[in-house]
Each structure stands twice: as C-alpha cells, then as structure tokens.
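# Provided below are the primary sequence and the corresponding predicted coordinates.
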Amino acid sequence: MNAQGCHCGLTKCKCFRGHKRSRFLQPSYNEPEINIESSVFGTPQCSHKTTLTRFDDSRVLQVAQFLERPRTTAQQAAIGLMGIALEEEKKAKYLQKAKQEKLKADFEQQIYIREQKMAEVRSSEIDCMASLDTEWLEVSNFFSNLIKVVADARQTALQPLEKRRRTVKRDTQDLLQKLQREVDVLKKAIDESIKNPDLEVSPLRLLNDSNGTNVHVDTSLSLGTLSVTTSNMMKQIHEKLDKLSTIELKRIPTFAVDVKLDPTTAHQSLEISDNGKKVRDGGKTSKDPDSPQRFDVFGSVLGLNRLSSGRAYWEVEVRNKTGWDLGVTRRYANRKGKLSINPDSGYWVIVHYEDQNYLALMTPPMRLLLKRKLQKVGVFVDYEEGLVSFYDVTSQSHIFSFTECLFGGEILPYFSPHLKQNEKNSDPLIISAVQKQ
C-alpha cells in the first residue's frame with residue numbers, strides 16, 4: 001500500500017476500482033479543488049482494454065461526496081446556470097421532437113387524403129367503365145338491329161327481282177327450244193322438198209302446227225312491292241329510333257338547367273307565377289308597360305337563361321293543353337308584330353294546335369306524326385353541334401330535331417301557352433324539375 005492508502009502502488013491513482021481507501025476515507029476539505037468537467041461529468045480515463053458502460057459504486061459515491069462539499073457562490077451559480085441550460089436544451093429537444101411528430105402526422109394525413117381520393121378515382125373509373133360498357137352494348141345492339149332491318153328489307157326488295165330473273169330465264173329457254181324445233185321442222189321440209197320436188201307442203205302450216213307464232217318473252221318489270229318494302233323498313237327504323245331515344249334520355253338529364261321565365265319579355269296578357277316556372281293566358285291585358293323586349297302580338301315569353309355554349313336540357317309539362325309553342329330563339333330575334341316563327345327568323349320551335357296537330361316550324365312546316373298526345377316535353381340544346389331536339393319524356397321517345405342550326409350568338413328558351421278559348425287551354429305551361437335517371 002502506498003502513502004495514500006492505495007494498493008496499486010501509484011501515488012496518484014485515478015481508477016478507484018477495488019481500492020479500500022476510496023470506499024471508506026472521507027475527502028479532506030484541504031484537498032485541491034476537483035475539476036468538475038474532467039472529474040465528475042467528464043469521460044473517465046480507462047485502459048484501452050476496458051470500456052465503462054455505466055457508473056460503478058465508487059464513481060457514484062465520488063459524485064455524491066463532491067455535491068455535498070461546500071461551494072462558493074460562483075460555483076453554485078455556475079451549477080444553477082448549467083442546470084437551467086440542460087433544462088432548456090431538454091425542453092428544446094422535446095419541442096423539436098413534438099414539431100417533427102406533428103409534421104409527420106400532417107404529412108401522413110395528407111397522404112391518407114390523397115390515397116382516399118385515389119381510391120375514389122379508381123372506383124369512379126370502374127363505375128364509369130361499367131356504365132360505358134353497358135351503353136356501348138346498347139348502342140352496338142341498336143345499330144346491329146338497324147342493319148338487320150335494312151338487310152331484311154334489302155332481301156325482301158331483291159326477292160321479286162330474283163324470282164323475275166329466274167322466270168325470264170326459264171321462259172327464254174322454253175322459247176328458244178320451241179323456236180329451235182321450228183327451225184328443225186323447216187330444215188326437214190327443205191330436205192324433203194329437194195328429194196321430192198312434187199311434194200307440196202306449206203311451211204306456214206308446219207309453223208302453225210308447232211304453235212310458234214304466239215311464243216314470246218315477257219320483259220316487263222314489276223316494282224310495285226318496292227315501295228311497300230321501303231315503307232315497312234322505315235316504320236321499323238322509326239321503332240328502333242324510339243329505343244335509341246331511351247339511350248339518349250339517359251344521358252341528357254346530366255345537362256339539366258334551372259330555367260325560369262323572364263316577365264319583362266312576356267306578352268301583356270300572360271300571367272307568370274312568382275317562382276317563374278308557370279305561364280298561362282290571363283285573359284286580360286296587364287298594366288305592365290310595353291317595352292322593346294316584350295312580345296306585343298304573339299302570346300309568348302322567353303326564359304332568363306342565356307345559352308352561348310355547351311349543352312342544356314329542360315322539361316315542360318303540357319298536359320291538358322290544346323295548344324302551345326316550345327323551343328329556343330336568338331336573343332335579338334324580332335318580337336314585335338306578326339312573327340315568322342322559323343329558323344330563318346331565329347326561331348327553332350315545335351307547335352301543338354287544335355288539340356291534335358303537331359308541327360315543326362321549318363320552311364315549309366313539317367307535320368309530326370305522334371302516336372299519343374304529349375304530356376311532358378324535353379328540350380335539349382347542343383350549342384356547338386347546332387342541335388335542338390325535342391323528346392316525349394313520358395314515352396321516352398324522340399319527337400323531332402333541328403340540325404345544323406346557325407344560332408349566331410346567344411339563344412334563350414321560348415314558350416307560348418297559346419290563348420284560352422271558352423275556358424279551354426286555360427292550364428299553364430309548367431317548367432318542371434328534371435328527374436335524373
């Protein structure tokens with residue numbers, strides 16, 4: 001043991017490992033001051049063969065003994081500041097970690113939202129593709145059936161011609177055979193006359209015996225069945241077109257617009273509901289002043305909606321009406337005096353009159369042959385295509401279409417409930433909500 005009571009033989013021992021003095025001797029207050037950084041909180045000096053992974057008992061005791069020693073005010077302040085610095089550092093690390101965790105949570109939330117949207121897009125694509133496949137099959141079947149109707153009509157129209165061809169060919173062969181027999185008879189008569197000059201045989205008698213004088217081929221054409229076949233074909237095509245209208249009416253409600261009537265354009269005898277959805281003949285002239293935009297002769301009114309692009313669709317109830325007009329018109333089309341309601345004047349309109357007649361107001365007007373009285377009419381406009389189509393909403397069938405329309409600017413919905421007569425036709429035109437299928 002050395003002078004300091006250490007068994008290792010070193011005067012200044014720093015290992016503290018297994019030494020009795022380090023466990024039992026109290027440090028003297030006269031001992032030199034310990035460097036806090038190197039002795040207490042610093043990394044212990046160890047052999048290259050040994051690495052400390054935790055404090056042993058002697059190290060803990062040394063720290064405790066150091067902390068129990070009296071200190072100057074400066075030392076205490078230094079320790080206090082060190083503690084505050086450590087606490088601030090710990091707080092800063094905690095806040096940094098909390099900030100990182102919040103940022104991570106925000107990113108994860110944004111990822112989740114986008115993954116949900118991706119799932120919605122994929123689901124929407126699947127639904128859309130299924131709908132398109134169904135519609136593709138319907139359209140394909142429609143044209144296949146239409147082609148079959150035309151092919152059947154073609155075959156029906158050709159059958160009489162084929163039959164007539166076979167008949168002409170057969171009759172021609174029969175006639176040629178008969179004529180050939182007559183030729184053979186005449187040649188035989190010539191030979192016999194040469195052999196027997198005294199033989200008196202009349203060639204005409206020989207021909208009469210062979211019945212060759214009335215033999216002929218009927219080359220006239222019979223096309224009477226062609227018009228019947230064509231008429232039947234067109235009837236079947238129109239029936240198929242009605243089914244195509246069902247497909248169209250599944251699409252166009254997506255372009256529904258909220259149409260309302262414009263009272264400032266209404267003829268002075270018309271009554272318009274407060275919600276702008278109904279119009280009827282009021283039977284008397286209102287006190288509303290006349291204006292350039294108001295109809296003064298025709299009992300008509302326009303919608304507020306101005307259409308200059310895209311597609312639009314609305315439906316109008318016409319039940320219990322004996323007359324009405326529906327369609328669209330140019331914004332600046334003439335509204336004064338007796339009007340010419342046709343495309344040349346900027347009106348694309350169909351009309352119902354005398355309780356049973358329907359016309360498309362073209363030049364000249366075209367009669368519309370409908371199977372039943374209309375109850376609700378759908379009006380569809382495709383501005384870019386120049387198309388105005390009318391549909392029987394109740395029977396899901398097509399009524400008529402104006403095509404290649406030259407709108408030349410904004411167009412507006414056009415309505416006329418017609419005048420009431422003897423309390424007939426007193427019901428209003430009603431712009432109804434579109435029921436999407």
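Thanks, I have the structure now.

# and Leu387, how far is that from Phe400?
Distance, Leu387 to Phe400, using C-beta to C-beta, to the nearest Å: 11 Å. Just so you know, the C-beta spots here come from the backbone N, C-alpha and C atoms, and that holds for glycine as well.

# give me the neighbour count for Phe295.
For Phe295, the count of nearby residues is 23 (other C-beta atoms under 10 Å).

# check which helix or strand covers it.
In the assignment (DSSP states H and E), Phe295 maps to no helix and no strand.

# quick check on it: phi, psi?
Backbone dihedrals for Phe295, given as degrees, to the nearest 10, come out at phi -70, psi 130.

# mind checking how far it is from Val257?
Taking C-beta to C-beta as the measure, Phe295 falls 22 Å from Val257.

# what of Gly283?
The value you get for Gly283 to Val257, if C-beta to C-beta is used, is 31 Å.

# neighbour count for these two, which is higher?
More crowded of Gly283 and Val257, by other C-beta under 10 Å: Val257, with 16 against 11.

# just checking, that one touches Ala312?
Yes: if you go by C-beta atoms under 8 Å, Val257 and Ala312 touch, sitting 4.6 Å apart.

# outside of the host helix or strand of Val377, which residues touch it?
Assigned by DSSP H and E, Val377 falls within strand 376-382. With C-beta atoms under 8 Å, 6 or more residues apart in numbering as the test, strand 376-382 has contacts from 249, 252, 255, 307, 311-319, 326-328, 350, 387-394, 399, 411, 413, 432, 434.

# partners of that strand, with directions?
strand 311-317 (antiparallel), strand 387-392 (antiparallel) (DSSP bridges).

# could you give me the average pLDDT of the last one?
When the per-residue pLDDT values of strand 387-392 are averaged, the result is 94.

# likewise for the longest one?
Predicted confidence along strand 311-317 averages 96 (mean pLDDT).

# beyond it, next helix or strand please.
Past strand 311-317, the next helix or strand by DSSP H and E is strand 324-330.

# likewise for the last one?
Sequence-wise, the next helix or strand downstream of strand 387-392 (DSSP H and E) is strand 397-402.

# next secondary structure element downstream of that next one?
Defined by DSSP H and E, the subsequent element after strand 397-402 is strand 411-416.

# next, the angle from that following strand to strand 324-330.
Relative orientation of strand 411-416 and strand 324-330, computed by axes from the mean of the first three to the mean of the last three C-alpha atoms, to 10 degrees: 160 degrees.

# can you name every helix or strand that strand 411-416 contacts?
strand 301-302, strand 324-330 (3 or more C-beta pairs under 8 Å, 6 or more residues apart in numbering; DSSP states H and E).

# tell me the contacts of Leu244?
By C-beta under 8 Å, 6+ apart, the contact set of Leu244 is Val139, Phe142, His398.

# turn those into a markdown table, including distance to Leu369, neighbour count and pLDDT.
Output for the contacts of Leu244, formatted as a markdown table (distance: C-beta to C-beta, whole Å; neighbours: other C-beta atoms under 10 Å; pLDDT from 0 to 100):
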| residue | distance to Leu369 | neighbour count | pLDDT |
| --- | --- | --- | --- |
| Val139 | 26 | 12 | 83 |
| Phe142 | 22 | 16 | 83 |
| His398 | 13 | 20 | 89 |
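
# now, among the residues you listed, which is nearest to Ala266?
His398 (29.9 Å; C-beta to C-beta).

# surely that closest one and Glu248 touch.
Yes: between His398 and Glu248 there is a contact under C-beta under 8 Å: 7.2 Å.

# which residues do those two both contact?
With C-beta under 8 Å, 6+ apart, His398 and Glu248 have common neighbours Ser389, Tyr391.

# now Phe142: closest residue in space that isn't a chain neighbour?
Residue nearest to Phe142 in three dimensions, not counting chain neighbours: Leu244, with 5.3 Å by C-beta to C-beta, 6 or more residues apart in numbering.

# same thing with Glu317?
Once flanking residues are discounted, Glu317 sits nearest to Ile430: 4.1 Å by C-beta to C-beta, 6+ apart.

# ok, and the closest non-adjacent residue to Glu138?
That would be Ile247: by C-beta to C-beta, 6+ apart, it lies 5.4 Å from Glu138.

# which secondary structure elements does the longest helix seen in the chain sit against?
In the chain, taking DSSP state H as the definition, the longest helix is helix 73-195. Counting contacts by 3+ C-beta pairs under 8 Å, 6+ apart, helix 73-195 is packed against helix 203-209, helix 224-251.

# got the contact list for whichever helix or strand comes after the last one?
Right, the one you point to is helix 224-251. Downstream of helix 224-251, the next assigned helix or strand under DSSP H and E is strand 270-272. Strand 270-272 is contacted from outside by 261, 263, 266, 278-282, 286, 299, 301, 417, 428, using C-beta under 8 Å, 6+ apart.

# tell me the secondary structure for Val349?
Here Val349 is recorded as strand under DSSP: H, G, I helix; E, B strand; the rest coil.

# so what pairs up with it in the strands?
Gly327.

# re earlier: right, so of the strands paired with strand 376-382, which gets closest to Ser123?
When those are compared by C-beta to C-beta, strand 311-317 sits nearest Ser123, at 26.2 Å.

# tilt between the closest one and helix 224-251?
Using the same axes, to 10 degrees: strand 311-317 against helix 224-251 is 100 degrees.

# contact partners for Gln396?
Asp242, Ser245, Thr246, Leu249.

# where does the stretch 151-300 of the chain dip in pLDDT?
198-225 (pLDDT under 70).

# the same query, at a cut-off of 80, please.
Along the stretch 151-300 of the chain, the model assigns pLDDT under 80 to residues 192-227, 238-248, 283-290.

# relative to helix 224-251, how tilted is the longest helix of the chain?
Using the same axes, to 10 degrees: helix 73-195 against helix 224-251 is 180 degrees.

# and helix 73-195, how far from the chain's centre?
Taking C-alpha atoms, centre = their mean, to the nearest Å, the mean C-alpha location of helix 73-195 is offset from the chain mean by 15 Å.

# stretch 383-402 now?
Counting by C-alpha atoms, centre = their mean, stretch 383-402 comes out at 18 Å from the chain centroid.

# quick check: end-to-end length of that stretch?
End-to-end distance for stretch 383-402: 12 Å, by C-alpha to C-alpha, to the nearest Å.
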